[in-house]
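Q: below is the structure, and that's it, no one-letter string:
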């Protein structure tokens, strides 16, 4: 009876330890930036994926779902537990799907993702910033300033030699 009980206890511990060990041995995606289903991603964004373990290789595809061209070209930079995808030409105003393939995504101990990991996000074009427009108008106004009904050009505010150089460039 003791042998059977000992055998069952040993078998139970072996099975439970095996399950715990196998779950921890898989690579896992902890989080991404942009987040899954995010709707306000700017066109100059990079795609960042954080894993639970150090990684040696990532097999990732960034697919523009609104274009027939499909996959977006870019560079993947790996740093410890993080993979960053830098698009070659930035992102357009569309929806994107990111697929991290389990085949080809590995850790130093040769661990793989349990399954492919997928997330989506939408890129929006940023509207023209009114502050930038205001600054541009202010820059244009610095070439001519009016004070007490007198007009001054930029040349009145800088040494004559520099002003002559500016006039040569303008002509």
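A: That came through, no problem. Remember, predicted model here, so these are calculated numbers, not experimental data. Numbers count the residues shown, from 1 in each chain.
Q: and the helices in the protein?
A: Taking DSSP state H as the criterion, the chain carries its helices at 2-25, 130-141, 160-170.
Q: any idea which of the ones you listed scores lowest on pLDDT?
A: Comparing mean pLDDT across the helices of the chain, the weakest is helix 130-141, with a mean of 41.
Q: in the chain, where is pLDDT below threshold?
A: Applying pLDDT under 70 to the chain flags residues 1-24, 67-69, 126-171.
Q: neighbouring strands - and their directions - for the lengthiest strand in it?
A: Taking DSSP state E as the criterion, the chain has its longest strand at strand 117-124. Strand pairing for strand 117-124, determined by DSSP bridges: strand 38-42 (parallel), strand 95-100 (antiparallel).
Q: and the last one, what's buried?
A: When you say that, I think you mean strand 95-100. The neighbour-count check on strand 95-100 (16 or more other Cβ atoms under 10 Å) flags 96, 98, 100 as buried. Glycine gets a C-beta too; all of them are placed from N, C-alpha and C.
Q: so the last one sits against residue 115, correct?
A: No. With contact defined as Cβ atoms under 8 Å, residue 100 does not count as touching residue 115 (9.9 Å).
Q: ok so, going back, among the strands paired with strand 117-124, which comes closest to residue 55?
A: Closest approach to residue 55 among the strands paired with strand 117-124 is made by strand 95-100 (10.2 Å; Cβ to Cβ).
Q: and the contacts of that closest one?
A: Outside strand 95-100, the residues that touch it by Cβ atoms under 8 Å, 6 or more residues apart in numbering are 29, 32, 47, 49, 58-66, 72, 85, 113, 116-123.
Q: look up how far residue 70 lies from residue 53.
A: Shown here: residue 53 relative to residue 70, a distance of 30 Å by Cβ to Cβ, to the nearest Å.
Q: comparing these two, which residue is more hemmed in?
A: Set residue 53 next to residue 70 and count neighbours by other Cβ atoms under 10 Å: residue 53 wins out with 18 against 10.
Q: the residue lying closest to the more buried one once chain neighbours are set aside and residue 37, how far apart?
A: Spatial nearest neighbour of residue 53, excluding adjacent residues (Cβ to Cβ, 6 or more residues apart in numbering): residue 107 at 4.6 Å. With distances taken as Cβ to Cβ, residue 107 is found 27 Å from residue 37.
Q: of those two, which one has the most company?
A: Neighbour tally, residue 107 and residue 37, criterion other Cβ under 10 Å: the higher count belongs to residue 107, 19 against 9.
Q: on that earlier part again, what subset of the contacts of strand 95-100 is buried?
A: For the contacts of strand 95-100, buried by 16+ other Cβ under 10 Å: 29, 32, 47, 49, 58-60, 62-64, 72, 85, 113, 117, 119-123.
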